[in-house]
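Chemist: Here you go, sequence then predicted model.
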Amino acid sequence: METNLEKLMSALKNASGEEVGLVKKAYEFSKENHKDQKRQSGEPYFNHCFATAMNLCDLNMSGTVVAAGLLHDILEDAGIKPEMLEEKFGSDIRFIVEGVTKLGLVKYHGTDRHNESMRKLFVAMSQDIRVLIVKLCDRLHNMETLSHVQKEKQERIARETLEIYAPIAYRLGIRKLSKRLEDLSFPFVYPNEYKEIKELVKENYDKKQDMLEKFRKAVAKELGQAGVRDFTIDYRVKGLYSLYKKYLRHNKEIEKIYDLAAMRIILLKEEECYKVLGVIHSNYQPLPGRIKDYIAFPKQNGYQGLHTTVFTGDGNIVEVQIKTERMNKEAEFGIASHIAYKANSKKSRANQGLEWIKKIIPLSIIKTKTGSQENKDVPSWIRDLAAYHNENKDKDNTLNEIKNDFFNERIFVFTPKGDVIDLPAGSSAVDFAYSIHSDIGNHIGGVRINGKMRSIDTELKNGDIVEIIISKNAKPKRKWLDYAKTTFAKKQIKNSG
Ligand code: MN
C-alpha cells in the first residue's frame, strides 16, 4: 500500500531536488512533533497537516510552500520556537509559517459591516501571497472535516469561510478554491436554502443531461467542419452557492439561469476563440445582450474568455464559454498559477510582531499574546491608525468608523512575485513603481497588469498583479502628476523635472 509520504511525493509536481528533501524533512518533523495530538474526529493531528500539504500540491505550489503547509501548525500547537524552525528549514519557511500562525489569531467579527475590512486586513497581514494560500488550504481541510467539530462552532466557522475566505480566494482568481469553500460552507450557514437548491438542481440537471450531450456532439462536428482541429469540449457545473445567489437575483426562477451547466470549449490559441464564437453564432441563434468578451475586457480578478448564450434549436438555452488552455488554467488557479513556478524568495523576512494589529483592531476580535515589539515594516496608514487609537481610546465607535474609512480608501495589489503593496484607492502604476523604489519610478518604460500591457495611467484595482517594465532611457514626465496619487510619487516626479 502506498504510504502518505509516497502519496505526497507523487502529488508534488513543482519542486527542485533541494525542495524535495525539504518536504521529506518537514513531513517527518511535523509527524514527530504532532504525534501526541488528535483532531476532534479522533484521528492523528498530523493528518490535517498532510491534507493541507496535499491541497497545496493540488494548486501546483512549490516544494517550499508545501513544506510550510506541513509545518503550518507547528508553532501554535506543537510548541516549536520560530528560531528552531528557521534553523532547520530556513527563513522563508519560518516567514510563511509565522504568517499563517498570525492570521489564525485574527478572530472573525461576524457583522457585514466588517467583512470587507477583514478581507483587506487578511490580505495586508499576509504580506506574501504564499501565506494566504497556505491559510486557504488549511481552511479548506478544516471545512472538509467540519462535521466533526462541535455543533455550536460549525456555523461560525462556515460563515467566516463564506464571508472572508471564499471571497479572498475568488478575488485572487482561484476559483477552484473559492467554489469548493463556498459549497462546503453553504449547508452549515443556510441549511434550508441548501436543501431547496440541491433538489432543484437535481431535477433540472438530470433533465438536461441528454440534451447537453446531444448539443456537445453537434458542436464538435460543426467545429470540425469549420477546420478547427485541437479542441476539447466539456461542461462545468455551477457551484451550488453561487447558483443560489443567482437564483435569488432572478426571483427564484431557475429556468432563467442559463449557466447552470455551461459548455466549455478549450482551444490552443486566442484567435481561434473568436473563430469558434463565429462558428457557434452561425449555427445557433444567440440571446441578445449575453455575448461577453472577457478576452478584450478581462474581469476584475483577471478572468478571461468569451461567453455567449444560444438557443440550441430544440427549445433549450445553453451558455457557451470559449477560452484557451491558458485562460482556463488561470480561471481555475488564478494568482496561484502565476506564483507556482516562482523560485524561493531571496529576502529573509523580519519577524513581524503582533502588537500593531492589536493596536488597530478592537481587542474583542483578537486573541492576545504576550510580547511587545515595535515594527518598522508596518505600513504608514496602519501606524496612523494606531496613533489615532492611542489618542482616542475611549471613543471606540469613532475608531470603527475611521478604521472602515481607512480600509475603504486603500487597495492591495501584488508584485509579480506576490508581495502585497498597499496604495491609496485610485492609484496608478506610477504610484506602484515609486512605492517599490524611486529608481523604478524614474525608469518606467511600460506596465503589465494581470499579464497584459496597459497604459501607465490605468487605475489599479484590488488584487491586480502589476509588473513595471524598466527602460534605462525612460524619464519621469510632468504629465504623470495627473495620475500620481501618493505624495511620494508626486514629490519624486517634481524633483526630477
Ligand atoms: Mn491548521
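Modeler: Right, received. Where do you want to start?
Chemist: When you work out contacts or count neighbours from here on, use the C-alpha atoms and nothing else.
Modeler: Fine.
Chemist: What distance do you get for Gly302 to Val466?
Modeler: 12 Å (C-alpha to C-alpha, to the nearest Å).
Chemist: Now list whatever residues contact both of those two.
Modeler: Residues touching both Gly302 and Val466 (C-alpha atoms under 8 Å, 6 or more residues apart in numbering): Asn450.
Chemist: and the end-to-end length of stretch 163-180?
Modeler: 14 Å.
Chemist: So what's the gap between it and the chain middle?
Modeler: 5 Å (C-alpha atoms, centre = their mean, to the nearest Å).
Chemist: do the same with stretch 52-59
Modeler: 14 Å.
Chemist: Please report how far Phe231 lies from Asp210.
Modeler: 21 Å.
Chemist: And those two? Which one has more around it.
Modeler: The residue with more neighbours, out of Phe231 and Asp210, is Phe231; 15 against 11, by other C-alpha atoms under 10 Å.
Chemist: The more buried one against Lys269, yeah?
Modeler: No: using C-alpha atoms under 8 Å, Phe231 is not in contact with Lys269, being 10.1 Å away.
Chemist: in stretch 488-497, what counts as buried?
Modeler: 489-490, 492-493 (16 or more other C-alpha atoms under 10 Å).
Chemist: meant to ask about stretch 14-32, not that
Modeler: Result for stretch 14-32 [16+ other C-alpha under 10 Å]: buried residues 14-15, 19-20, 22-27, 29-31.
Chemist: Convert the C-alpha atoms of it to PDB, please.
Modeler: Extracted in PDB, the C-alpha atoms of stretch 14-32 (Å, rounded to 0.1, in the frame of the first residue of the first chain):
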ATOM      1  CA  ASN A  14       6.800  21.700  -8.700                       C
ATOM      2  CA  ALA A  15       9.900  21.100  -6.600                       C
ATOM      3  CA  SER A  16      13.700  21.200  -7.100                       C
ATOM      4  CA  GLY A  17      15.800  18.400  -5.800                       C
ATOM      5  CA  GLU A  18      16.600  20.500  -2.800                       C
ATOM      6  CA  GLU A  19      13.000  21.200  -2.100                       C
ATOM      7  CA  VAL A  20      12.100  17.500  -2.300                       C
ATOM      8  CA  GLY A  21      14.500  17.000   0.600                       C
ATOM      9  CA  LEU A  22      12.900  19.900   2.400                       C
ATOM     10  CA  VAL A  23       9.400  18.400   2.000                       C
ATOM     11  CA  LYS A  24      10.500  15.000   3.300                       C
ATOM     12  CA  LYS A  25      12.200  16.500   6.300                       C
ATOM     13  CA  ALA A  26       9.200  18.700   7.000                       C
ATOM     14  CA  TYR A  27       6.900  15.600   6.800                       C
ATOM     15  CA  GLU A  28       9.000  13.700   9.400                       C
ATOM     16  CA  PHE A  29       9.400  16.700  11.600                       C
ATOM     17  CA  SER A  30       5.700  17.600  11.600                       C
ATOM     18  CA  LYS A  31       4.600  14.000  12.100                       C
ATOM     19  CA  GLU A  32       7.000  13.600  15.100                       C
END
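Chemist: Tell me how many other residues crowd Lys217.
Modeler: Lys217 has 11 nearby residues by other C-alpha under 10 Å.
Chemist: Give me the phi and psi for the closest residue to Lys238 other than its chain neighbours.
Modeler: Of all residues beyond its chain neighbours, the one nearest Lys238 is Leu260 (5.4 Å), with distances taken as C-alpha to C-alpha, 6 or more residues apart in numbering. Leu260 has phi and psi values of phi -50, psi -50 when expressed as degrees, to the nearest 10.
Chemist: tell me the contacts of Leu260?
Modeler: 205, 237-238, 243.
Chemist: Mind doing that once more with 10 Å?
Modeler: By C-alpha atoms under 10 Å, 6 or more residues apart in numbering, Leu260 lies in contact with 201, 204-205, 208, 235-240, 242-243, 246, 254, 318-319.
Chemist: Please apply the same query to Phe46.
Modeler: 27, 30-39, 52, 70-71, 73.
Chemist: Quick check on the residues you listed: which are buried?
Modeler: By 16+ other C-alpha under 10 Å, those give 27, 30-31, 33-34, 52, 70-71, 73 as buried.
Chemist: distance of the closest residue to Ile164 other than its chain neighbours from Ile266?
Modeler: Leaving aside its sequence neighbours, Ile164 sits nearest to Arg119 (C-alpha to C-alpha, 6+ apart; 5.6 Å). Going from Arg119 to Ile266 by C-alpha to C-alpha gives 33 Å.
Chemist: Now for Thr3, how many residues are close by?
Modeler: So Thr3, with other C-alpha under 10 Å, has 8 neighbours.
Chemist: Please report the distance of it from Ile280.
Modeler: For Thr3, the distance to Ile280 - C-alpha to C-alpha - is 48 Å.
Chemist: repeat for Lys7
Modeler: 43 Å.
Chemist: okay, stretch 256-265 in PDB with CA atoms only?
Modeler: Taking C-alpha atoms only, stretch 256-265 is exported to PDB below (Å, rounded to 0.1, in the frame of the first residue of the first chain):
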ATOM      1  CA  LYS A 256     -33.800  31.900 -16.300                       C
ATOM      2  CA  ILE A 257     -30.400  30.700 -15.100                       C
ATOM      3  CA  TYR A 258     -28.700  29.600 -18.300                       C
ATOM      4  CA  ASP A 259     -25.300  28.800 -16.900                       C
ATOM      5  CA  LEU A 260     -26.400  26.000 -14.500                       C
ATOM      6  CA  ALA A 261     -24.300  23.900 -16.700                       C
ATOM      7  CA  ALA A 262     -22.200  25.800 -19.200                       C
ATOM      8  CA  MET A 263     -20.500  24.200 -22.200                       C
ATOM      9  CA  ARG A 264     -16.800  24.900 -22.200                       C
ATOM     10  CA  ILE A 265     -14.700  24.800 -25.400                       C
END
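Chemist: Quick one: distance of it to the chain centre.
Modeler: 24 Å.
Chemist: Pull out the buried residues from that stretch.
Modeler: Buried, per 16+ other C-alpha under 10 Å, within stretch 256-265: 257, 259-265.
Chemist: would you turn those into TSV with pLDDT, secondary structure and distance to Thr415?
Modeler: Formatted as TSV, the buried residues of stretch 256-265 follow (pLDDT from 0 to 100; DSSP: H, G, I helix; E, B strand; the rest coil; distance: C-alpha to C-alpha, whole Å):
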residue	pLDDT	secondary structure	distance to Thr415
Ile257	79	coil	37
Asp259	79	coil	34
Leu260	78	coil	35
Ala261	78	strand	35
Ala262	87	strand	33
Met263	93	strand	34
Arg264	94	strand	31
Ile265	96	strand	31
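Chemist: For the residues you listed, work out which two are farthest apart.
Modeler: Using C-alpha to C-alpha, those span at most 19.6 Å, a distance reached by Ile257 and Ile265.
Chemist: about what we covered before: is it correct that the residue nearest to Ile164 is in contact with Pro167?
Modeler: Yes: using C-alpha atoms under 10 Å, Arg119 is in contact with Pro167, at 7.9 Å.
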